[in-house]
Each structure stands twice: as C-alpha cells, then as structure tokens.
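S.K.: Build me a model from this:
(4 chains)
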There are 4 protein chains.
Amino acid sequence: MPTPSQTFVLKFSCPDRAGIVAAVSTFLYEQGCNILEAQQFDDTESNRFFMRVAFNVIEGTADLPRIRTAFGPVADGFKLDWSMRDPAEKRRVLLLVSKFDHCLADLLYRWRIGEIPMEITGIISNHPIETYAHLDFDGIPFHHLPVSKATKMEQEAQVWRIFQESGSEMAVLARYMQVLSDGLSAKLSGRCINIHHSFLPGFKGAKPYHQAHQRGVKLIGATAHYVTSDLDEGPIIEQDVERITHQDSPDDLVRKGRDIERRVLARALAWHLQDRVIPNGHKTIVFRD
Amino acid sequence: MPTPSQTFVLKFSCPDRAGIVAAVSTFLYEQGCNILEAQQFDDTESNRFFMRVAFNVIEGTADLPRIRTAFGPVADGFKLDWSMRDPAEKRRVLLLVSKFDHCLADLLYRWRIGEIPMEITGIISNHPIETYAHLDFDGIPFHHLPVSKATKMEQEAQVWRIFQESGSEMAVLARYMQVLSDGLSAKLSGRCINIHHSFLPGFKGAKPYHQAHQRGVKLIGATAHYVTSDLDEGPIIEQDVERITHQDSPDDLVRKGRDIERRVLARALAWHLQDRVIPNGHKTIVFRD
Amino acid sequence: MPTPSQTFVLKFSCPDRAGIVAAVSTFLYEQGCNILEAQQFDDTESNRFFMRVAFNVIEGTADLPRIRTAFGPVADGFKLDWSMRDPAEKRRVLLLVSKFDHCLADLLYRWRIGEIPMEITGIISNHPIETYAHLDFDGIPFHHLPVSKATKMEQEAQVWRIFQESGSEMAVLARYMQVLSDGLSAKLSGRCINIHHSFLPGFKGAKPYHQAHQRGVKLIGATAHYVTSDLDEGPIIEQDVERITHQDSPDDLVRKGRDIERRVLARALAWHLQDRVIPNGHKTIVFRD
Amino acid sequence: MPTPSQTFVLKFSCPDRAGIVAAVSTFLYEQGCNILEAQQFDDTESNRFFMRVAFNVIEGTADLPRIRTAFGPVADGFKLDWSMRDPAEKRRVLLLVSKFDHCLADLLYRWRIGEIPMEITGIISNHPIETYAHLDFDGIPFHHLPVSKATKMEQEAQVWRIFQESGSEMAVLARYMQVLSDGLSAKLSGRCINIHHSFLPGFKGAKPYHQAHQRGVKLIGATAHYVTSDLDEGPIIEQDVERITHQDSPDDLVRKGRDIERRVLARALAWHLQDRVIPNGHKTIVFRD
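M.R.: Numbering: from 1, shown residues only, chains lettered A, B, ... in the order given. Prediction:
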C-alpha cells in the first residue's frame, strides 16, 4: 500500500492550445490523484506551453507505471514532450572535475545529506586522485583521464564510454576546465550542466575573473547552463552575483567567486533533477524551488 | 468583439480536496477560455488550496459577468472564496500619508505611468497640503485631517467616511505615522496595506531605524503588510533589505531606508491589485510577478 | 566662527611611495583638523595611491581657502592630483533626458529633499517640456533641443554652450537616449555620468532589455559609468541587479529595470558629488557611502 | 631578509582626539613602512576612534617584535587598545559543533585551501566522532563531550580546560546547539563567535526557522556574533539573507538556511582573524574585505 505522501512529478511542454490544463488535471483526478503544487507558463513567443505538476495518489494504488501508461493517449493528443517520475528513483549523474574541487566538495556534501537527489555514477578528472585526498569519495568510481591537445579525441571517447557503461543519465561539469568538443557536446545535449565563473554573457571564455578585474565591474557572478557546442552560449538555468570592490585583486575574485559558483551549480543541478527546468529553445523555463 | 488579448484573472482559496484544478480548468475550457499563466499552492498545514489563473477568451464573447455567473455553481461546489476580475477595471484606492512623502511621490509616479493599476480616490494627511507643494496631485481630492490624542476618534471617523463616500476598495498607509485604532483596523481588515520601516519582526514600534542603529545590525529592511489590530503583526506581503555599515548614523539609515520602503510598498500594492496576494490566516500566499 | 561640525573633504590620487599618509595627516593635525573618516587604497597594478579624508577644524579658523593654500606644497611634494572641498558648496549639474523620465523624476525628488547635494543648472531634452508636465521643475531652465542625424553636430554645440554658459561642472545622462559624439564625450571627460540599462559588459548598445530577454538571463541590471568616446566602455561607478524569471516579457524587464536604473544612477551621482569616486585609468576607486 | 611583500596588520581603538592618524602614520613612515590599505572610523557616539592599517616594510628589517616595541610609547600616548600582527602567524582556533555539520565541513574546507588563516586546535562535539565519518579531520584532536542538564557544569569545565591546554585563542560555535553558561561566556568574551540561524533580532531562541515559517516572513537570514552571557544579544559581526516563499516548509527553510549560515560564519571568522573586526560596546566595527 502506498503512503498518501508518495509524490510524483509530471513535467511537460507542448504546442499551446486551449484545454491542456483541463485535460491533464481531469486525468489526474480520475486516476485518484491530488495536485499538491503546479506551475504553468504559456510562452507567446514560441507558442509553447510548459507545466510542472507535483501530485500524490489518494485513492487506489500509487502504481506509477500504470498511471504513465494511462497518460499516454492524453499526452499524444496534445503532443506533449513529457516525463512522469517518482522522485525516490534517483537519477544517475556523472561528475567531471579539474584541479579546483570546491564545487565537487560541495556537491558531494549535499548529496550525502540528501539535499541533491542523485546517484553519482563516477567522478572523472584530468588530475590524479591524490588531488582530492581530503574528499571522501565513498566508493564512487574515480577515473583519471589526463588530456592533451593530441589525446583529446581519445579522452572524450573514454568519457563517453564511461557515461554509457555507468548508465549515467546526465553529466555535470563541476569546474571541469576542458572545453568539450562539438561531438561530445551534441551527444550530451540537454543532459550536461556546466558552471561558468562569470555572469554571462559578460566575460565569456578563459579567465573570466581576470577579465572582470580588468573591466572594473562592481559585481561578479556565476552562471549554470546546459552545455551546447556553442561555448558559453547554452541555455542558462541559474545565475547569481556578489558585490566586489576596487580592492579586490583577481585572486580575491577567484576566492569570492567560489561561493557563488558552488551555490549556483547546486541549485541548477537540484532543480534539473527535480524536473523544475524545461528547455525552451536556447532559453529555459525554471519553476524555482 | 473582444480582442483575444483581453485577460481576466481568477483567484481563489478553498478547503483542499481532489479535483479542484480539474473542475476549474475544465470550466474555463468549456467557456472558450485559454489559460495563460497559473499557479497553485496546497497548504498542508491549513489544509487549504490556493490558485491564481490568468486566462483569455479565444472562442465566443469575452463577457465577464456571464462567465462569473456560470462559474457560481463550480465555486459553490468546492466552497471557493473567489474573485474573477478584469484588470482593466481599476480598483479604487485611498492613500494616507504623513510628513515624509517619498512613498507617496513614488506611488503617484508609478500610477501615472500605468505601472500600478488603480484609481486614487483621495489623499489623506495629518499635514497640510503645502507639505506636498512639489507633488502634482492632478485633481485627486486632498483631505487635511490633523489628529491629536483628543481628536483621534473623530479624525478616524472622518477617514472612514471618506473611505466609504469615495467608494474606496482599499487603503494604503504610505508612511502614515499614526497607529490606527482597533476599530478602524477591523473595518479595513484585508483592505489596508501598511509599510513598516524595519525588517519585521525585528524593531517593531517607533523609530525602527534608531533601534537598528542601536542594535548594530548589518542589514536594514522594510516590510509591507496588511493592517490588523495587532500592531506590526499583520500578514506580511513583501520585505526587502539593504546592507549597511558601522559608519551609518540613524539619519543615514533613514535615508537608505527610503529606497527600500518605496519599492517594497509599491510591489506589495501592485501584487495586491493584480490579485497575486491571498491571505492565509496570519500569513499570505504571494504568487509573485 | 565655524561650528566644529563643519566638515571638509580631501580627495587625491598620486604615485605610490612611503610617507603619504604621514605627510597628509600631519599636515591636517598641524592645521588644527581632526580626521573623521578616511579610506586609502594602494593599487599595486597602477602603482598609484588613492585617499579620501573627511575632517573638521577643531582649533583655529575653518578657513578652507587658507588650508588649501597651505596644503599646496605638501600636494606638490607628493605629486597629488587633489581636491579639497566644502560639501556645503554644491556643485553645478546639468541634466540630460529623453522620453523616459523615471531617472529625472527620481533625481529631482532626491535633490529636493537634500539627498543629492547639487545645484541643477538646467535640463536638456530632445523632447518638448510637455513630456514632463507632471514634474515640478521649480524654475530650473529647460532646453528643448530636438536632434536628428542631420542636426546632431549643431545640437551638441548647443548642449556644450549651455553647459559652459550655465557654469556647469558636470553633466548627467539620465536616460538621455542619444549617443554623444566623440568630440562632446572628450570635452565632458570625467565630468559626465551615464546610466546604461544593462549589467555591463553584457548587452551593450541598443535595446539591452530585449537582448537580455533574448538571451534568457536570470538577473537584469544597470550600470552607471563615466562617459567616454568608447560607447558603454567608460569607467564603471556602480552596478546593481534584480532577479527575473522566464515569465518576464521585454516590457516587464523595462518596468523592473526602472527601479534598478534610478537607484544606481542616484548612488553614482551622489558618490561622485561627495568626492567618493576617483578615476583609475579605465576603472574607478569608489569609497562607498 | 624579509621580502618586501611581507604584510603586517595594525588594529586599534582609542579615545578620539586629533593627531592619532598623524602619529601612527608618521611612526610607520619612520620605521621604513609603507601603508598598503587603511580604514578609519570616528564614532561620535562613543567618542572612540578605530583604525586598521595593513603595511609592509620597505626599508630595513621587517622585524615585527622590534616594531611592536617601538610602537609602545605611541600607543600609550594615545591610550590605544591595539594589536600588531603578522598574518602568517596563524591564530589557534577551537571548533565546537553538534549534530549538523554543514558549518564544520565548510570551515574545514576553507581552512584546508588556505582561505581561512588559522590553526585548528581541536573539535569538540556533544556527539560521537562517527557522526562525522565523512569528514577528514586530518589529525585534528576530536573531543566527544556529551552533555546533559546534570553534567553541564562538568562538561563546560572540560571545554574550558581543552581551550586552555590547547593554547586556543578563540572558539567558534559552528552550530553548537548548547547554550553556554554565563561563566563560560564571560571567560570567552570577545574570543567566541556563534552562528545563529536567524536574522537577529528576529527569532531569538530555539527553532528560529520554525518561528520564521510561523510568522510568514519573506526572507530568512543568519547572524554571526560574539557570544555574551546575554543569549543572542552579542555584538553582531555579519548577517545575510535569502528570499523564501509561501511554499517553503520549515524543512525547506532549514535547507535553504544552511547556505546562509555557512557563508555568514565563514566571513565573520575570516574577518575576525584578519583583524577586520573591532568591538565597540555591544556593536562592532567591521572593515570589510
């Protein structure tokens, strides 16, 4: 018997037309479900409709596969691009990192205390495991994949193989300081989140904190976005900023930026995993937590 | 013929049970309406459900009275506490102010450029009109109602008479530095917004900036809330803060606070008028803009 | 007799070397002055030293011209680029504006209540005075200077003439939607503040809110900077941001941006007038209030 | 031979009178020192003067003990309450924690990468070491000191003994959920920083997130302050806030609050250790980084 508190999440986008909410909510009602929280958005530019519904089952069996099957015809009728998930079934996430491990350490901590619902399938780094001697990987497979200009193609092939063989559903570039090739970017499209250490579109490319210092801005920021083959141009999921002053050297910006980066990446990843983010062309719909 | 862009707003709260969203959205669909934006919230503590729907009419006549009448039985069935409005029908708002006019000046400016949709029915002050010589009242009736301990009851009776005779639907205490009596507070319950110049519940009562300076806090704030007979304890609609330093004197806090006060009050009022705020006991549901 | 509370402000930059603070503070001490507040910054990149000192005179006469004269040799010895002012002597400021008057209205309000210490020498607009019917110009000379591609040179000549004839010390582009020519920019160098409605360096040029909407950023901002001939590249004085969502249309961004623009411009202008801003190449030192 | 980049920090407060900055900066100049950064504040209420100077030695030997000795007469003349430190000489800090270890984990991470300059002398918890199985204590002595009403006095005696025997200069209550007795508070006066999980003075005492949820505030915060015997009333060093919504349950506030708590505590501790914080009665002067 399911507990009434078992919550499922339906997320979809579709071409806009009248009757979508009526059809979806009537379906849920007829399945014995109660809507706990719902958000909709009708984008009059792309003419698409976006919705996220959290619901529980109050009558009958909380049999997700059955509800999913029953929902098929409704979804087809409105041409939904949809998913219906049990948050308890954690998604499988592969982490990539380079020398700076503040985002990695932060994600591991949040994962450990249950704040980010995921199974970590592996950690890939172009630096050896000794780099992270003080982090407890807790049995998560670690892959040291050094990379150079000459070996980039082979290294990316390995990354992709590990992604597939580990059954990963998504990848997170947690300050992984390598630009992915167009090929790998395409393969991971919509399934790979990067943290860029600037408030995009300002300071794209390398050494953004040095660029920010050079320009003399009064706030610095970080941006979490989906990776696309167009560097630093992927759909933005989340951004945040902090105030700085003329006293801050580039090193100070790096230090102050760490706090922004880790919280922006953690939010973006958690929201993605909670089905709060829906791509909309080169932008995103984010039903914030 | 209505233009398809004419948007109406349905807002309600009700006891939670399954099927509400289905019933409401099916009703709207059958009336030829399309949902543009919707937000729901199920408060598991109060066991009440809250919803705001913006919709337009895409088939048939955008006849709001007819839709309202048709909605009656649905609303009754679910015991909705509801309103369905045409944002073009501006609500009638009475402003009260004392010596400091930064909130008043700001509300007038926003009203003038169409940012806050309201009709201002009057301005009441315990200071004479010369106090506001540089503000353009644009024909809005001004009422100078001085007040003293001895005359408070009579003065409040006048306020209430003006409120009623002007057909006002709500009152805004835009830095009106008089505490309303329990009686007047009760009469205006749910229809009167105040701006308090502190981040409540810190620094209730008089001279909050001096209290904040005394305590040595590092941020100051302002709070917009519905007026209740319990001073500074009404349901909070919006709050915001700014960073200060040890260098700031109480006068500096007063100056820096003005910016916070005016934007917090303007947001709270606009959201109220856009049916984005729903009381929930001594708290509020705010479907932010 | 001066009151002890009469405060003067010394501001300077100079090549860095040991002994500057000692020389300056010893000078002030010997003149019977007491330091109330002081901030220093040594830029190890430009090898320049920056200082702001607020002081009052506690012994002898608060005779600013005499103190200034006496300070000459000290200043020369350390090659100071300096000013020593009495804040009570308000600087003369010329305001330029186009159709949108939210920054103008805000500056007028702050000027009126004494928050921004300046004398407004005139208001120039490329729109007629009727545009601002609801603003009280209070006798400030208004100049309607329409501009077209063909007449730009002549119009700028008029702007410059008004600037000079009115004895203006600085100009403020309070949402003046015309790009100044290189010539006029050069003439006003270091004496002209602009408010750009984006978080620079993002979204330079025209229609920044539309660009921001297009890119899907999650925060929008505004930037106050000194005007240079390099469009949107002048030294940044102040920036701020607000969170937005996918629901915000370009019009919503314009609306939400108004609040950011006006407070960023007001802060930058006040700090400039309080001698809190010192240019440092294409950056600024800002000793914040 | 010292490198010219060796920086020392002088910090002091004293009764206000003219000539302090002149005397101090002249002293430094005569010692062959160069001022890199300095901040002053004259509190006209307490009539005390506060100053922080970072300087390096550019002529002669960077012999801190000698400079300190030489400074004695200057300090005595102006009745300075002062310290002059070499930031390379890290201060000894004792950490106290209870079950929730997010602040502890964060401080350990920042300490490890050199962001917070300290030597950790020990970790005291009322929970056993297994609670922190995933944290790498790196040889830092761990003390499990369970506490009950009956044993509180003995447990505090042990805390104090460890503090002294380990040569600790300060203590940090990193979410140590025990109220210190008046006695221990007094002993650690000015040397003990606590993180309170509310925006003080709002929601003092127990379960502040539940109180915040109950009151319906729209922002939550955290406060780092020096511990005094007056619970939650000690001098505030730093505060910060985050926006929340009606959707957030008390558990959500606890989760969102963790991020605020850890960054507020880390800032306050770093600033204290960098001699950026000077007590001023029941308030603090903070020369922010």
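S.K.: Report the buried residues of stretch A:238-254.
M.R.: A:238-241, A:244, A:246, A:248, A:252-254 (16 or more other CB atoms under 10 Å in any protein chain shown). Heads up, the C-betas are built off the backbone N, CA and C, glycines and all.
S.K.: so is A:T223 in a helix, a strand, or just coil?
M.R.: Using DSSP: H, G, I helix; E, B strand; the rest coil, the secondary structure recorded for A:T223 is strand.
S.K.: Tell me the spacing between it and B:Q158.
M.R.: Distance from A:T223 to B:Q158, counting by CB to CB, to the nearest Å: 56 Å.
S.K.: which one of the two has more residues nearby?
M.R.: The neighbour count for A:T223 versus B:Q158, taken as other CB atoms under 10 Å in any protein chain shown, is higher for A:T223 (32 against 14).
S.K.: surely the more buried one meets A:V264?
M.R.: Yes: using CB atoms under 8 Å, A:T223 makes contact with A:V264 at a distance of 6.9 Å.
S.K.: Find the residues that touch each one of those two.
M.R.: Common neighbours of A:T223 and A:V264, counting by CB atoms under 8 Å, 6 or more residues apart in numbering or on different chains, are A:195, A:238-239.
S.K.: OK, contacts around the closest residue to A:A270 other than its chain neighbours?
M.R.: Closest residue to A:A270 apart from its sequence neighbours, by CB to CB, 6 or more residues apart in numbering or on different chains: A:I116 at 5.1 Å. Shown in contact with A:I116 (CB under 8 Å, 6+ apart): A:107, A:110, A:266, A:269-270, A:273.
S.K.: so which of the shared contacts of A:T223 and A:V264 comes closest to chain D?
M.R.: Distance to chain D across these (CB to the nearest CB) is lowest for A:E238, with 13.3 Å.
S.K.: Now do the residue in chain A sticking out farthest from the centre, the pLDDT please.
M.R.: Each residue of chain A has a distance to the centre, and by CA atoms, centre = their mean the biggest one is for A:Q247: 34.3 Å. You'll see A:Q247 listed with a pLDDT of 94.
S.K.: Kindly report the same for A:S5.
M.R.: Looking at A:S5, the pLDDT reads 60.
S.K.: same thing with the one 3 residues further on?
M.R.: pLDDT recorded at A:F8 is 97.
S.K.: so the worst-scoring helix or strand of chain A on mean pLDDT versus strand B:33-43, what angle?
M.R.: Ranked by mean pLDDT, DSSP states H and E, the weakest helix or strand in chain A is strand A:33-43, scoring a mean of 93. Calculated by axes from the mean of the first three to the mean of the last three CA atoms, to 10 degrees, strand A:33-43 forms an angle of 130 degrees with strand B:33-43.
S.K.: ok now strand A:33-43, how far from the chain's centre?
M.R.: Relative to the mean C-alpha coordinate of its chain, strand A:33-43 is positioned 21 Å out (CA atoms, centre = their mean, to the nearest Å).
S.K.: List the neighbouring strands of the following helix or strand past that strand plus their orientation.
M.R.: For strand A:33-43, the following helix or strand on the C-terminal side (DSSP states H and E) is strand A:48-57. Taking DSSP bridges as the criterion, strand A:48-57 forms sheet pairs with strand A:7-15 (antiparallel), strand A:33-43 (antiparallel).
S.K.: Pick the most buried one from these.
M.R.: Mean neighbour count (mean count of other CB atoms under 10 Å in any protein chain shown) peaks for strand A:33-43 among these, with a mean of 21.
S.K.: how about the CA coordinates for that one, as PDB?
M.R.: The C-alpha trace of strand A:33-43 is given here as PDB (Å, rounded to 0.1, in the frame of the first residue of the first chain):
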ATOM      1  CA  CYS A  33      -4.600  11.800  -7.700                       C
ATOM      2  CA  ASN A  34      -4.400  15.100  -5.800                       C
ATOM      3  CA  ILE A  35      -2.400  18.100  -7.100                       C
ATOM      4  CA  LEU A  36       0.000  19.500  -4.500                       C
ATOM      5  CA  GLU A  37       1.700  22.100  -6.400                       C
ATOM      6  CA  ALA A  38       1.500  23.200 -10.000                       C
ATOM      7  CA  GLN A  39       3.000  25.900 -12.200                       C
ATOM      8  CA  GLN A  40       2.200  26.700 -15.800                       C
ATOM      9  CA  PHE A  41       3.700  29.100 -18.400                       C
ATOM     10  CA  ASP A  42       2.400  29.900 -21.800                       C
ATOM     11  CA  ASP A  43       5.200  31.300 -24.000                       C
END
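S.K.: what's the closest of the contacts of A:I116 to B:G190?
M.R.: A:A270 (36.2 Å; CB to CB).
S.K.: Surely that closest one is in a helix?
M.R.: Yes: counting by three-state DSSP, A:A270 is located in a helix.
S.K.: Report the separation between it and D:I244.
M.R.: Counting by CB to CB, the gap from A:A270 to D:I244 is 16 Å.
S.K.: Equivalent analysis for A:G167, please.
M.R.: Taking CB to CB as the measure, A:G167 falls 36 Å from D:I244.
S.K.: Then A:H272?
M.R.: Distance, A:H272 to D:I244, using CB to CB: 21 Å.
S.K.: A:L10 too?
M.R.: From A:L10 to D:I244 the distance is 25 Å (CB to CB).
S.K.: Would you mind giving the domain segments of chain A?
M.R.: Domain segmentation of chain A under automatic domain parsing yields A:7-85, A:92-286.
S.K.: what's the first-to-last distance across the shortest one?
M.R.: As for domain A:7-85, its first-to-last residue distance stands at 9 Å under the measure CA to CA, to the nearest Å.
S.K.: Same check on the last one?
M.R.: Length of domain A:92-286, first residue to last, CA to CA: 21 Å.
S.K.: how distant is it from the center of its chain?
M.R.: Its chain's C-alpha centre and that of domain A:92-286 lie 10 Å apart, by CA atoms, centre = their mean.
S.K.: Test my guess that A:T7 contacts A:R85.
M.R.: No: judged on CB under 8 Å, A:T7 makes no contact with A:R85 at a distance of 10.1 Å.
S.K.: quick one, phi psi at the residue lying closest to A:H102 once chain neighbours are set aside?
M.R.: Nearest residue to A:H102 in three dimensions, chain neighbours excluded: A:R258, at 4.6 Å (CB to CB, 6+ apart). Phi and psi for A:R258, reported as degrees, to the nearest 10, are phi -60, psi -40.
S.K.: Return the distance of A:R258 relative to D:G183.
M.R.: Taken as CB to CB, the span from A:R258 to D:G183 is 39 Å.
S.K.: dump the residue contacts of the residue farthest from the centre of chain A.
M.R.: A:Q247 makes contact with C:41, D:37, D:289, according to CB under 8 Å, 6+ apart.
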